[in-house]
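**Student:** this one's structure only:
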Ligand SMILES: Nc1ncnc2c1ncn2[C@@H]1O[C@H](COP(=O)(O)OP(=O)(O)OP(=O)(O)O)[C@@H](O)[C@H]1O
């Protein structure tokens, strides 16, 4: 330690020191090159005292830039000279000095200096600080900060704050700026405070390092332990051999996963899960959850599909063999196949077959799959309310399973089946989510190449699947879903078409199914028409097929009872075989009545005729509407009434007819909900018939939306309605003139049997529908000339 009695001469040789700070009490070696030896030699000549002053950035190469700065006076304790010049000089720091002025600058700086001894005297703050620094030093030591034992001992003995600060500064890892600052701080308390802060930071750093290290050590320990255990487990499993059912099961699963050609990201998941499975106790429930999941992954056809039959002619033949007519759908399928044969990576289109029940939507899907050589899958969405049915449950749920889409694809074992989603219009929605939004992802060609089932939790490519949806009506299908599908309408069959279908398809099928293939049973044309007209009333052919099947069964029974087998079913045989007729093509053949008009409705079971009844009674201007009418239909009734009231004179109706009466409009069958604006014309006709007392023609059916001014606006489902009218024996159908384009949809033979009249206004309707045209009556009263030209006939 520096002896304060040692006197420092007022002038000292100065050695400028680069990148290093020398503190008092510091012992250190200094390597000096030959050209730097001059001040050393000078010091050795004098009293071995040398001033060391740190060089700052602003100092020039020649020497110190300015004086009045702090340095340290050092004693040279030893010099080891090198043969080639230069030396290693051992130095001991003594005390701070301030450079005052230079008496010489070359060949070395000789400067007058002022010794800066720390001021004497300690107070309670100095005491507390000293204790804190010492305590911190102990903590640093505990965290592994290396500190020579004798230094620590020395530090413990020091009670001077400045001295302690200088000593600690030597042993702390500080950057140059911090060191410089400590050297320049002359107030010992301030210096110790600075040291305290730096030491605190150092201790914190050591603390964090210590924590990280112990964590790393812990992990390494755990990994090593796991590794050892796993090795032991392998050893035990080897000893047990494949007889161990658990092990055999695992290796079977591993092989299955390898064979499944999983995509890269799925391999990762499967490996992780398999590794986990190896560690779980086979009797735990967790084990069976993990195993079922892996089995599900291995069963999916990630990369395997069937080869498409791209022979268009063969495909057409298959389609024609299965279904009569349906040109539009067949054409669309063939187009798809044609494009597919040119472009191999074609994404599956989404067709939506819309039509009444029994028109062959489902069987068409099966036939498309056959024509393309693909597997066929069908699920019914009717009443589906839970999103999880489409997308599956997360594995965290007990008994979780993949959704129907993934389940069915896994069952089909091909990633490119024809996938039929039946009854999209019946899809529900409740608190368990909205299945239609999940369907959106399934059906969107842009997204479905990475469809993620909640259970699988890895994407599965559905882009090669050909989705076909079916619906009875499009209205309930959510718009975004409708948007993604290409709609093809199957409006229903005429009697003629049904006859062909029965002859060519249903009869051979039923003969076969009922074991009559070896009996030459034939149906006369009239017999088939009788079945169609008197035993069924439908747009499709399901009921006809049922009746034909029923006859086949009865014939089969007769044969087994030993009767002579029939060869022909004629119209007269139908009654005894099927019982009394069920329907009368009558509806329209009944008597014409006042206040009853024949309307046409379009329901999800196809078209239908409805009779709209109007009646008047004493009352207070009330319009009573019954028959489960929807809001739109109620409004059409009000519009019709307003039209009649506004134009009463034109029809020869008294102006005050509503003053003291109630009007009641009823649409049977009352239990079936009905809606839509297309009954407006028929309601108005019923009212006019009632109020003019002119019976309405029963066999004239009408459809069209009525405006307040009496214009007739277009409606939908023309073909279905005309077919229904034809089925019911209607001879004339009144259609809005704006629907004229739709007339070409209607078959020639129907057009020959049903007179189709295009109407523009209510006047046209009345002229056709009422037995005696009230307009003509009114006009003839006014003048003799007829007002309306004859109606156009189509
Ligand atoms: N054009 C046709 N040619 C031959 N058979 C047909 C034709 N249309 C329907 N069929 C037959 O009618 C029966 C009923 O058809 P399908 O079950 O496909 O009706 P659907 O339209 O799917 O009815 P739903 O809407 O009730 O599901 C099937 O046996 C089918 O083969």
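**Tutor:** Now that the structure is in, tell me what you want to look at. It should be emphasised that the depicted structure is a prediction, and the values quoted were computed from it without experimental measurement.
**Student:** neighbouring contacts of stretch 197-216?
**Tutor:** Residues outside stretch 197-216 that contact it (CB atoms under 8 Å, 6 or more residues apart in numbering) are 133, 136-137, 139-140, 143-145, 168, 172-174, 178. Placement of C-beta: from N, CA and C, glycine included.
**Student:** for stretch 746-759, that is, sorry about that
**Tutor:** Outside stretch 746-759, the residues touching it (CB under 8 Å, 6+ apart) are 494, 496-497, 681, 702, 704, 712, 718-719, 722-723, 725-726, 730-737, 739-740, 743, 764-765, 768, 791-794.
**Student:** Mind splitting this protein into its structural domains?
**Tutor:** Under the assignment automatic domain parsing, the domains of the chain span 11-116, 119-240, 244-299, 312-489, 495-578, 587-782.
**Student:** Contacts only, for the closest residue in space to residue 706 that isn't next to it in sequence.
**Tutor:** Closest residue in space to residue 706, ignoring its immediate chain neighbours: residue 680 at 3.4 Å, by CB to CB, 6 or more residues apart in numbering. The contact partners of residue 680, taken as CB under 8 Å, 6+ apart, are 636-637, 639-640, 704-706.
**Student:** and if you look at residue 351?
**Tutor:** Residue 351 touches 329, 332, 467-469, 485-486, 488, counting by CB under 8 Å, 6+ apart.
**Student:** So residue 488: helix, strand or coil?
**Tutor:** Here residue 488 is strand, with the state taken from DSSP: H, G, I helix; E, B strand; the rest coil.
**Student:** and it, what does it touch?
**Tutor:** 328-329, 332, 351-354.
**Student:** Run through the bridge partners of it.
**Tutor:** Beta-bridge pairing of residue 488, defined through DSSP bridges, involves residue 353.
**Student:** Please, where are all the helices along the stretch 651-794 of the chain?
**Tutor:** Counting by DSSP state H, counting those that start in this stretch, the stretch 651-794 of the chain has these helices, from start to end: 680-692, 718-727, 748-753, 762-769, 774-782.
**Student:** For the ligand, which of these is the nearest?
**Tutor:** The closest of the helices of the stretch 651-794 of the chain to the ligand is helix 718-727. By CB to the nearest ligand atom, the value is 13.6 Å.
**Student:** Skipping its backbone neighbours, what lies nearest the residue in the stretch 351-500 of the chain positioned nearest to the ligand in space?
**Tutor:** When you check the stretch 351-500 of the chain against the ligand by CB to the nearest ligand atom, the closest residue turns out to be residue 360, at 2.6 Å. Leaving aside its sequence neighbours, residue 360 sits nearest to residue 323 (CB to CB, 6+ apart; 5.8 Å).
**Student:** re the thing from before, kindly supply the ChimeraX command isolating those of the contacts of stretch 197-216 that are buried.
**Tutor:** In ChimeraX, a selection of the buried entries from these looks like this (16 or more other CB atoms under 10 Å):
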select :133,136,137,140,143,145,168,172,174,178
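**Student:** wait, which of the contacts of stretch 197-216 is closest to the ligand?
**Tutor:** residue 143 (78.0 Å).
**Student:** can you pull the contacts of the closest one?
**Tutor:** Residue 143 neighbours (CB under 8 Å, 6+ apart): 203, 206-207, 209-210.
**Student:** switch to 7 Å and redo it
**Tutor:** 203, 206-207, 210 (CB atoms under 7 Å, 6 or more residues apart in numbering).
**Student:** quick one: the residue nearest to residue 360 and residue 366 touch, right?
**Tutor:** No: counting by CB atoms under 7 Å, residue 323 sits too far from residue 366 to count as a contact (10.1 Å).
**Student:** tell me which parts of the chain are close to the ligand?
**Tutor:** Residues of the chain lying near the ligand by CB under 6 Å from any ligand atom: 323-326, 357-363, 422, 470, 472, 501, 505, 540-542, 545.
**Student:** Quick one: buried ones out of these?
**Tutor:** Buried among these (16+ other CB under 10 Å): 323-324, 326, 357-362, 422, 470, 472, 501, 505, 540-542, 545.
**Student:** tell me the secondary structure for the closest residue to residue 169 other than its chain neighbours?
**Tutor:** Spatial nearest neighbour of residue 169, excluding adjacent residues (CB to CB, 6+ apart): residue 182 at 5.0 Å. Following three-state DSSP, residue 182 is assigned to helix.
**Student:** Next: the one 4 residues further on.
**Tutor:** Three states are possible here, and by three-state DSSP the one that applies to residue 186 is coil.
**Student:** now it: how far from residue 127?
**Tutor:** 20 Å (CB to CB, to the nearest Å).
**Student:** Settle it for me: which of these two has more neighbours?
**Tutor:** A count of neighbours by other CB atoms under 10 Å puts residue 186 above the other of residue 186 and residue 127, at 15 against 12.
**Student:** What backbone torsions are found at that one?
**Tutor:** The phi and psi torsions at residue 186 (degrees, to the nearest 10) take the values phi -90, psi -30.
**Student:** got a list of what it touches?
**Tutor:** Counting by CB under 7 Å, 6+ apart, residue 186 has contacts residue 116.
**Student:** Please report the distance of residue 675 from the ligand.
**Tutor:** Residue 675 sits 21 Å away from the ligand, taking CB to the nearest ligand atom, to the nearest Å as the criterion.
**Student:** circling back: can you tell me which of the contacts of residue 488 are classed as buried?
**Tutor:** 329, 351-354.
**Student:** can you give me the helices in the stretch 351-500 of the chain?
**Tutor:** 361-372, 387-391, 404-412, 435-443, 479-483, 495-501.
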